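1. Next input, structure requested:
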Amino acid sequence: MKIFFATDIHGSEICWKKFLNAAAFYKADMVVLGGDVTGKIMVPIVAYHGYWEVTVRGERMRLESREELLKVDQQLRDRGSYPAIVTQEELDQLNSQDAITDRFNAEMTRSLDRWLDMADTKLHGGQTPCILNGGNDDIFEIDPILESAPSVTFAEGKVIDLAGSGYTMISMGYTNPTPWDTHREAPEEELARRIDAIAAQVPDMNRTIFNFHAPPYGTGLDEAPELDALSEADGSVDRRFTQEMTSSLDRWLDMADGKLRGGAIPCILNGGNDDIWEIDDIIEASPCVSFGEAKVIDIGGFYLASMGWTNPTPWNTFREAPEDVLATKIDAVVAQIPDMERAVFNFHAPPYGTGLDEAPALDETMRPVLGGAVMKPVGSKAVREAILKYQPALSVHGHIHESRGVTKLGRTLAMNPGSSYSDGVLQGAILDLNEKKGKVGKYIMVNG
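-> The predicted structure follows:
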């Protein structure tokens with residue numbers, strides 16, 4: 001039996017389509033989606049007389065035709081967002097968290113119904129077995145929708161016979177606690193009880209696959225950006241990060257030298273508030289690009305004035321300052337411009353209240369440190385202990401998008417295919433199960 005396993009597509013419709021096509025493309029006998037099926041973001045599209053307006057990644061767009069509307073609608077869906085077409089009055093009514101949640105859930109479940117209709121067609125009405133499970137980010141309302149779908153099997157808490165192959169799969173979408181207090185998470189001791197309850201139903205542990213959304217702790221399948229304060233007082237993490245980053249920047253500049261024909265095609269780069277100071281000298285010394293900070297650069301009769309500094313952020317980044325200091329910096333660079341009518345401002349901070357500066361509101365619990373430079377294990381100890389205790393042939397996981405990889409725990413092959421859903425890339429794994437030997441014969445990690 002050949003299985004295609006993927007996970008954590010988070011509402012990306014293009015990834016869902018690729019998942020449905022994976023059975024035919026990879027000649028798999030079964031497809032399994034391990035959890036975090038649905039998305040997290042709703043994007044209002046405001047309908048006016050004869051046009052629509054929407055803000056996508058900070059850019060306000062006016063859509064003049066239904067073709068443009070449908071194009072943006074699909075782009076949003078492919079990125080894992082739920083477009084919600086609303087009137088201005090309806091938008092104004094989304095003035096409470098309850099109202100937003102109700103509308104989000106309605107858009108999400110409508111999208112899930114749309115996906116299940118696709119599945120019914122692509123999987124030939126259930127002829128190609130498809131197993132879906134929720135993950136910690138999935139609301140509980142999806143469970144009865146998946147349970148009632150004719151073309152997929154909802155896996156949570158079940159022992160599923162895999163199409164007469166002699167293998168069984170047990171599934172759990174719950175994870176150990178996260179900083180975000182998501183829907184399906186529980187303390188380790190509760191996870192252990194859940195695992196034991198379902199494992200007790202397994203007829204042959206040697207022919208069992210664990211489909212647990214939480215990866216096992218400390219295996220390399222569970223590493224994620226550190227969100228707490230750095231504990232390395234000697235600064236070694238910062239130094240290593242700087243070393244790796246500047247090495248990558250040198251590589252980029254080598255690429256630029258080739259692609260830009262040694263500077264024949266002008267290229268201006270500038271730092272932003274998240275960029276460390278060490279990049280300035282590297283960019284300044286590059287023969288194929290121009291470093292813009294605090295300079296006025298003649299660009300064919302126009303004058304480009306650049307500033308990478310911003311007003312203060314919650315993250316206390318490198319290039320930020322109070323508004324009065326920004327004003328002083330701006331005045332200093334603008335004073336160099338010979339003709340203000342031909343000036344171009346290249347300022348990293350957008351102007352306030354213009355629609356160019358809208359960003360998600362964050363509370364104090366949502367502050368990643370150093371841009372996710374520090375990694376630490378965050379997976380489940382209960383899952384790890386269960387794998388070591390029961391030693392299944394295969395254990396597949398998701399939840400931690402960054403930790404794509406394979407490891408062995410005793411005799412068990414444990415795998416996290418990772419997730420790059422926001423890029424429209426479906427990461428997965430092709431797994432060949434050897435019915436005779438009762439083990440995984442071959443596996444390969446794939447992207448598509």
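
2. Report how many residues lie close to R66.
-> 10 (other Cβ atoms under 10 Å). Just so you know, the C-beta spots here come from the backbone N, C-alpha and C atoms, and that holds for glycine as well.

3. And for I170, the neighbour number?
-> 25.

4. can you check the one 3 residues further on too?
-> Other residues lying near G173 total 28 when counted by other Cβ under 10 Å.

5. Look at the closest residue to it other than its chain neighbours and give its secondary structure.
-> Excluding the flanking residues, the one nearest G173 by Cβ to Cβ, 6 or more residues apart in numbering is G134, at 4.1 Å. Recorded secondary structure, G134: coil (DSSP: H, G, I helix; E, B strand; the rest coil).

6. In this structure G134 contacts D8, no?
-> No - taking contacts as Cβ atoms under 8 Å, G134 lies outside contact range of D8: 11.7 Å.

7. any residues in contact with both of the two?
-> Each of 35-36 lies in contact with both G134 and D8 under the rule Cβ atoms under 8 Å, 6 or more residues apart in numbering.

8. Enumerate every residue touching the residue nearest to G173.
-> Residues in contact with G134 (Cβ under 8 Å, 6+ apart) are 35-37, 140, 142-143, 146, 156, 173, 184, 213.

9. in stretch 129-145, what counts as buried?
-> Across stretch 129-145, burial judged by 16 or more other Cβ atoms under 10 Å covers 129-139, 142-143, 145.

10. Can you get me the centre-to-centre distance for that stretch and its chain?
-> Relative to its parent chain, stretch 129-145 has a centroid offset of 18 Å by Cα atoms, centre = their mean, to the nearest Å.

11. Check stretch 291-311 too.
-> Its chain's C-alpha centre and that of stretch 291-311 lie 33 Å apart, by Cα atoms, centre = their mean.

12. and what of stretch 424-431?
-> The answer for stretch 424-431 is 14 Å, by Cα atoms, centre = their mean.

13. got the contact list for that stretch?
-> Contacts of stretch 424-431 (Cβ under 8 Å, 6+ apart): 2-6, 9, 12, 14-15, 18-19, 22, 26, 28, 78-79, 394, 396, 404, 415, 417-420, 440, 442-448.

14. thinking again about what came up before, for the buried residues of stretch 129-145, which one is nearest I160?
-> I131 (6.5 Å; Cβ to Cβ).

15. Does that closest one belong to a helix, a strand or coil?
-> Put simply, I131 is strand when judged by three-state DSSP.

16. Kindly state the beta-bridge partners for it.
-> Note on I131: beta-bridge partners V32, T153, judged by DSSP bridges.

17. Where does the prediction get shaky in the stretch 201-350 of the chain?
-> Within the stretch 201-350 of the chain, the ranges that satisfy pLDDT under 70 run 227-237, 315, 340-341, 343.

18. Tabulate the contacts of G134 (TSV), appending distance to K295.
-> As requested, the contacts of G134 are exported to TSV (distance: Cβ to Cβ, whole Å):
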residue	distance to K295
G35	50
D36	45
V37	49
F140	55
I142	53
D143	58
L146	57
E156	58
G173	53
R184	52
H213	50
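
19. so of the residues you listed, which ones are in helices?
-> Counting by DSSP state H, the contacts of G134 place 142-143, 146 in helices.

20. Domain boundaries for the protein, per the record?
-> Per automatic domain parsing, the domain ranges recorded for the chain read 2-225+376-447, 236-347.

21. Can you say which of these is packed in most?
-> For the domains of the chain, the largest average neighbour count (mean count of other Cβ atoms under 10 Å) is found in domain 2-225+376-447, namely a mean of 19.

22. do you know how far P187 is from M245?
-> 37 Å (Cβ to Cβ, to the nearest Å).

23. wait, which of the buried residues of stretch 129-145 is closest to F291?
-> D137 (40.8 Å).

24. what sits against the nearest residue to the closest one once chain neighbours are set aside?
-> Take D137 and drop its neighbours on the chain: the residue closest to it by Cβ to Cβ, 6+ apart is D36, 4.8 Å away. Contacts for D36 (Cβ under 8 Å, 6+ apart) come out as 7-10, 134-138, 213, 398-399, 419.

25. What is the nearest of those residues to E226?
-> H399 (16.6 Å).

26. gap between C15 and G418?
-> Applying Cβ to Cβ to C15 and G418 gives a distance of 12 Å.

27. if we can go back for a sec, would CSV of the buried residues of stretch 129-145 with distance to E53 and pLDDT be doable?
-> Output for these, formatted as CSV (distance: Cβ to Cβ, whole Å; pLDDT from 0 to 100):
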residue, distance to E53, pLDDT
P129, 44, 94
C130, 38, 96
I131, 41, 96
L132, 35, 97
N133, 38, 96
G134, 34, 96
G135, 33, 96
N136, 34, 95
D137, 29, 94
D138, 30, 95
I139, 28, 93
I142, 30, 96
D143, 36, 96
I145, 31, 96
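
28. how about the helices in the stretch 301-448 of the chain?
-> 323-334, 381-390 (DSSP state H, counting those that start in this stretch).

29. and which of the ones in helices among the contacts of G134 is nearest G308?
-> Nearest to G308 out of these is I142 (Cβ to Cβ; 43.0 Å).

30. My guess is the closest one contacts T38. True?
-> Yes - counting by Cβ under 8 Å, I142 touches T38, with 6.2 Å between them.

31. Give me the common contacts of the two.
-> 108, 112.

32. And the helices in the stretch 51-200 of the chain?
-> For the stretch 51-200 of the chain, helices defined by DSSP H, counting those that start in this stretch occupy the ranges 66-78, 88-93, 97-122, 142-148, 188-199.

33. out of those helices, nearest to N273?
-> Smallest distance to N273 across those (Cβ to Cβ): 27.3 Å, for helix 66-78.
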